[in-house]
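Engineer: Got a sequence here, can you model it:
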Amino acid sequence: MLERLFRLRDNKTSVRTEIVAGLTTFMTMAYILAVNPDILSASGMPKGGVFVATALAAFVGTLFMAFFANYPFVLAAGMGLNAYFAFSVCGDMGYSWAFALLAVFVEGLIFLALSVTPVREAIFNAIPVSIKKAVAVGIGLFITLIALKNAGIMIPDQATYIKLVSFHTAPFHTSVIVAVLALVGTILTAVLLALRLKAAILLGILGTWLLGIVAEQTGLYVPDPAAGFYSTVPHFGAYFSDLGQSVKDFGTTFGAIFEPSAWTHTAKDGTVTAGTALAFSMNFFVVMFAFFFVDLFDTLGTLIGVSMKGGFLDKQGRLPRISGALYADSVATSVGAVFGTSTTTTFVESASGVAAGGKTGLTAVTAALLFLVSILFAPVFLAIPGFATTPALVVVGFMMMSSVTSIDFNDVGEGLPAFLAIVAMPFFYSISDGIMFGVISYTIVNLCTGKARRISPVMYVLTVLFIAKYALM
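Structural biologist: Have a look, this model is predicted:
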């Protein structure tokens, strides 16, 4: 049955490889189950409800990806978009979280409408191959940056913006040992890869986690939750009460978007406006469009980058069955909003599963089931420390750099826009900004140098839209 559903032989893969790849992707993404509730709770949402909503939205969206597109891409609540939701829409702008969820829901419906038309596919296909290769490289650097930041290897600095953590002055039993464990785990994973072990990335995660447990038990690592350093050992002491509270909280978030009385706006002077009139205001359109715009190009960027690494693109740089992938992403966004979480989108960490050999929807099904099971076994999954997934993401970043060798940097019209796309992603902490910089510069440079034949009509439209976005938003 699995062969018939996912065409494993045609894709030169096996059930074992796909399951290992799905487990690998899930473990590199499991942090979202802890991080998303923490971020969205700043909007007033109950953490337990957001936890359940995050897991269920990932489960549903990823299953859609598996069965509609048969790709190893996994979906979950997107980072960046959740911060915009909590701190900008609900914080600075003063809207209730139910109203913000409504904007996400409508954005998903618009995505869905575009997914059944050629619009989104046309945008994907219009982006030049050199930019697509650059997106893959940029994403590799981007996820490496995320990994180094999450492990505390790279820290903020007022003078130089970022720097290496100090191994002498930083607290040894938290900051230093965590950074050391991440670096040791990265070397361990690299050795396993060099030995050509198929499950090298997954073994790297588990091995680094085990080293963390040993460090904690021997006193080298001392958890400090107030500073963001949590125990690496699963705790089941309050398991049933915590699970019951999470389910109860989910009853609060589920379907809240359909209650107009919960759509409120609090102005700076304390004036509160509520009701359906808010949904027809210009501010609602601005909020919804912001979600829509970032989601669109984050999704396209992730699909381009991970597909490039997985060899899923055809000779023309197009992604077969892209309609199904975009459809799954759209449905996941709206369904996630109903459950009670911010925009659900295709995760860049899917690249870890692809690097582990995942090629079909069976990888996605495996990860989806793990997200569902995580609701019952939250203490286990939430105990996976960030430093344990750092090696996997760094190695995936390394693998995705390979696309840079096929970019023609001798041709400024191809090479410079590709370079700008690459550097914009990690430097601006945004996949969508990387795509926009690449597209704008590609169009302008080639138009001004008499190479307009390279530029498709869709690229002109995108360039105008991107420039307008930067000018007006």
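
Engineer: And for residue 294, nearest residue in space, chain neighbours not counted?
Structural biologist: residue 432 (5.3 Å; Cβ to Cβ, 6 or more residues apart in numbering). The C-beta positions use only the backbone N, C-alpha and C, and glycine is treated the same way.

Engineer: need the contact list for residue 204.
Structural biologist: Taking Cβ atoms under 8 Å, 6 or more residues apart in numbering, we find residue 204 in contact with 185-186, 188-189, 192, 391-392, 395.

Engineer: Look up how far residue 428 lies from the one residue sitting closest to the centre of the chain.
Structural biologist: The centroid of the chain falls nearest to residue 347 when counting by Cα atoms, centre = their mean (3.4 Å). For residue 347, the distance to residue 428 (Cβ to Cβ, to the nearest Å) stands at 19 Å.

Engineer: now do residue 401
Structural biologist: From residue 401 to residue 428 the distance is 19 Å (Cβ to Cβ).

Engineer: cool, residue 77 as well?
Structural biologist: 21 Å.

Engineer: Likewise for residue 342?
Structural biologist: 20 Å.

Engineer: what about those two, which has more around it?
Structural biologist: residue 342 (35 against 14; other Cβ atoms under 10 Å).

Engineer: as a whole number, average confidence for the helix or strand residue 209 falls within?
Structural biologist: Here residue 209 is covered by helix 200-217, with elements defined by DSSP states H and E. For helix 200-217, mean pLDDT is 90.

Engineer: Return the set of buried residues in the helix or strand just after that helix.
Structural biologist: Following the chain from helix 200-217 toward its C-terminal end, the next helix or strand by DSSP H and E is helix 239-253. The neighbour-count check on helix 239-253 (16 or more other Cβ atoms under 10 Å) flags 242-243, 246, 249-250, 253 as buried.

Engineer: which residues of the stretch 251-400 of the chain score low on pLDDT?
Structural biologist: Where the stretch 251-400 of the chain drops to pLDDT under 70, the residues are 382.

Engineer: rerun at 90
Structural biologist: Within the stretch 251-400 of the chain, the segments meeting pLDDT under 90 span 259-324, 326, 347-349, 351-352, 355-357, 375-400.

Engineer: Could I get the full set of strands for it?
Structural biologist: In the stretch 251-400 of the chain, the strands defined using DSSP state E, counting those that start in this stretch lie at 264-266, 272-274, 344-346.

Engineer: For those strands, state which one has the densest average packing.
Structural biologist: Highest mean neighbour count among the strands of the stretch 251-400 of the chain (mean count of other Cβ atoms under 10 Å): strand 344-346, with a mean of 29.

Engineer: List the neighbouring strands of that strand plus their orientation.
Structural biologist: strand 75-77 (antiparallel) (DSSP bridges).

Engineer: residues making contact with the strand it pairs with?
Structural biologist: The contact list for strand 75-77, computed with Cβ under 8 Å, 6+ apart, reads 29, 32, 36, 54, 57-58, 61-62, 65, 328-329, 332, 336, 341-347, 371.

Engineer: let's see it at 6 Å
Structural biologist: Contacts of strand 75-77 with the rest of the structure, by Cβ atoms under 6 Å, 6 or more residues apart in numbering, involve 29, 32, 36, 54, 58, 61-62, 332, 341-342, 344, 346-347.

Engineer: Determine which two of the residues you listed are furthest apart.
Structural biologist: With Cβ to Cβ as the measure, no two of these lie farther apart than 62 and 342, at 16.6 Å.

Engineer: how deep is residue 81 tucked in, by neighbour count?
Structural biologist: Neighbours around residue 81, by other Cβ under 10 Å: 21.

Engineer: same check, this time on residue 326
Structural biologist: Look at residue 326: counted by other Cβ under 10 Å, it has 29 neighbours.

Engineer: didn't it look like it was pressed against residue 120?
Structural biologist: Yes - counting by Cβ atoms under 6 Å, residue 120 is a contact partner of residue 326 at 5.0 Å.

Engineer: Show me which of the contacts of residue 204 are buried.
Structural biologist: Among the contacts of residue 204, those buried by neighbour count (16+ other Cβ under 10 Å) are 185-186, 188-189, 192, 391-392, 395.

Engineer: Of these, which belong to helices?
Structural biologist: Among the buried ones among the contacts of residue 204, DSSP state H puts 185-186, 188-189, 192, 391-392, 395 in helices.

Engineer: and residue 13, what does it touch?
Structural biologist: By Cβ under 6 Å, 6+ apart, the neighbours of residue 13 are residue 359.

Engineer: mind redoing it with 8 Å?
Structural biologist: Residue 13 neighbours (Cβ under 8 Å, 6+ apart): 357-360.

Engineer: Most neighbours among these, which one?
Structural biologist: Taking other Cβ under 10 Å as the neighbour criterion, residue 358 ranks highest of the contacts of residue 13 with 32 neighbours.
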